[in-house]
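Chemist: Quick check, what structure comes out for this input:
(one chain, ligands or ions: 2)
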Amino acid sequence: MYILGIESSCDETAASIVKDGRQIVSNIVYSQVEEHGLYGGVVPEIASRRHIDAISEVVQKCFDDAHLTVDDLDAIACTFAPGLIGALLVGLNYAKGLSFASGKPLVPVHHLRGHIAALYLTYPDLKPPFLCLVASGGHSHIVAVDDYTKFRVIGRTIDDAAGEAFDKVSRTLGLGYPGGPAIAKAALTGDLSKYKLPTPHTENKYDVSFSGLKTAVINIYNTNNMKGEETDKNSLAAAFQEKISQILSDNLANAAKEFGYDKVAIAGGVSANKRLRELIVEKIGDRQFFAPTMDLCGDNGAMIAAQGYYEFIDGRTAGLELNGIASLAIDFD
Ligand code: KG4
Ligand code: ZN
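Modeler: Ligands and ions are numbered 1, 2, ... in the order given. Predicted coordinates for the structure are as follows:
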C-alpha cells in the first residue's frame, strides 16, 4: 500500500511516499531554516508564504523520485495538527485538492504521532507498546504508545518545550538558529564544571519545566554583560545541554521502570541530540532503546506517511471539511 505524506506544520515543506507504513520510496524535504535564521526563530508569516512557494514542486519531485503517480496511491496523508496554523493550512489544502481531484482518501495525521512513526521507518520490526519521549520545538511529552493509534500522555512540559528552550538560549548566546545543533556543537568544547544551573521541580514527577532553566542561563549571560565580563559561551551551552538532557533522560528512565516498559524510544527534533541519547542508554539498563535515524528526527513527510498508513487501516479518513488545528493533544479522539 502506497501512502503520500505531506508535512507543512512549521518551517519544513515536505512530501514522501511510503510503502506499507515502513519503507520509504521517496522523501523530499525543503527546509526554510536559513531564512528564519536571519530572525533568530520561525516567523509564521514567512513560513506560510514559503510553503506556498515550495509545495507544488516538493510534491512533484516526490512523485518523480518514486517513479509513481497519484493513481498509484492508496491514500493521501497530511499533518492537520498541531502547528502554525497558516503553515499547516498550506499542506492541508494541497492534500485536500489532490484528494478531491484524484478521488483518493484523505487521512489527517497528528504531527507528534508522525514523529513517533519515524521509529517504524527506522526499525521495521518495532511494534507498540513502548514508551516514547517526544521532544520537539513545540512539545516535550512522555507518551505511552499503547497501539499505533492509541496514546496516553504520562508527562509533559508545563511551560517551554525542550527545543524551544534550546532555541531561546542559543538566540541569547548568539549561537544561531536552530538552537539545538548550535548548542550541541558549542557544548563539545565547553567545560561542564564551570556553570551551575538549577534543577526545576514540578508537581507531577513526569512533567518538566524548562522556563526557569532557560531564564537562569539568560541571567548569567546578561549579568556578565552588565559587569563587563566575558561569558564562556561553550561552557554555558554545555551546562544547559547537560541539565536538560539529565532531566529528560531521568524522567523517561524512571517512567519506564515504574510502568514496566521493556522498550524505550525517543522522537522529534530534539531526539537528534547525542548527549540526550547517551544518557538515556546509560539510565535504562537492559531495556531496548529506539531512536530515529538522524534524517528522520526533524520534520519530514515520511513520518506523516508512515503514521498515515496506520491511521488509514484504522479507518481514520476525513472529508473535504477537514480543517487545521493549531493546538491538539496527541490522545485526541
Ligand atoms: O521536530 P522538529 O523538527 O520541529 C517541531 O516539530 O518543532 O523540532 C525542531 C526542534 C528545534 O527546536 C531544534 O532546535 C531542535 O528540534 N533540535 C535539537 C537538535 N536538533 C534539532 N535539539 C537538541 N539537540 C539537537 N541536536
Ligand atoms: Zn516536528
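
Chemist: now the one residue in the stretch 1-150 of the chain that gets nearest to ligand 2: how far from Asp53?
Modeler: Ligand 2 sits closest to Ser136 of the stretch 1-150 of the chain, with a gap of 4.2 Å, by Cβ to the ion. C-betas here are computed from N, CA, C, even on glycine. Look at Ser136 and Asp53: by Cβ to Cβ, to the nearest Å, they are 24 Å apart.

Chemist: same question, Ala165
Modeler: Distance from Ala165 to Asp53, counting by Cβ to Cβ: 30 Å.

Chemist: ok, the residue in the stretch 101-250 of the chain positioned nearest to ligand 1 to Asp72 distance?
Modeler: As assessed by Cβ to the nearest ligand atom, ligand 1 sits closest to Gly180 within the stretch 101-250 of the chain, at 1.9 Å. Using Cβ to Cβ, one gets 36 Å for the distance from Gly180 to Asp72.

Chemist: neighbour-wise, which of these two wins?
Modeler: Higher neighbour count among Gly180 and Asp72: Gly180, with 26 against 14, using other Cβ atoms under 10 Å.

Chemist: Secondary structure of the more buried one: a strand, I assume?
Modeler: No: assessed with DSSP: H, G, I helix; E, B strand; the rest coil, Gly180 is helix; it does not lie in a strand.

Chemist: Which element, helix or strand, includes the residue lying closest to Val18 once chain neighbours are set aside?
Modeler: Using Cβ to Cβ, 6 or more residues apart in numbering and skipping the chain neighbours, the partner closest in space to Val18 is Ala305 (3.7 Å). If you go by DSSP states H and E, Ala305 is part of helix 301-313.

Chemist: same question for that helix, mean pLDDT?
Modeler: Taken as a whole, helix 301-313 has an average pLDDT of 99.

Chemist: and the stretch 51-200 of the chain, which of its residues are near ligand 1?
Modeler: 136-138, 163, 166-167, 178-181, 184 (Cβ under 6 Å from any ligand atom).

Chemist: Just give me the closest of those to ligand 2.
Modeler: For these, the nearest to ligand 2 is Ser136 (4.2 Å; Cβ to the ion).

Chemist: what's the burial count for the closest one?
Modeler: By other Cβ under 10 Å, neighbour count at Ser136 equals 25.

Chemist: Look up the closest residue to it, ignoring the ones flanking it.
Modeler: Gly268 (3.7 Å).

Chemist: and that neighbour, what are its phi and psi?
Modeler: Backbone torsions for Gly268, taken as degrees, to the nearest 10, come to phi 100, psi 170.

Chemist: again, but for the one 3 residues further on
Modeler: Here the main-chain torsion angles of Ser271 (degrees, to the nearest 10) amount to phi -70, psi -10.

Chemist: Looks to me like Ile76 is in a strand.
Modeler: Yes: assessed by three-state DSSP, Ile76 belongs to a strand.
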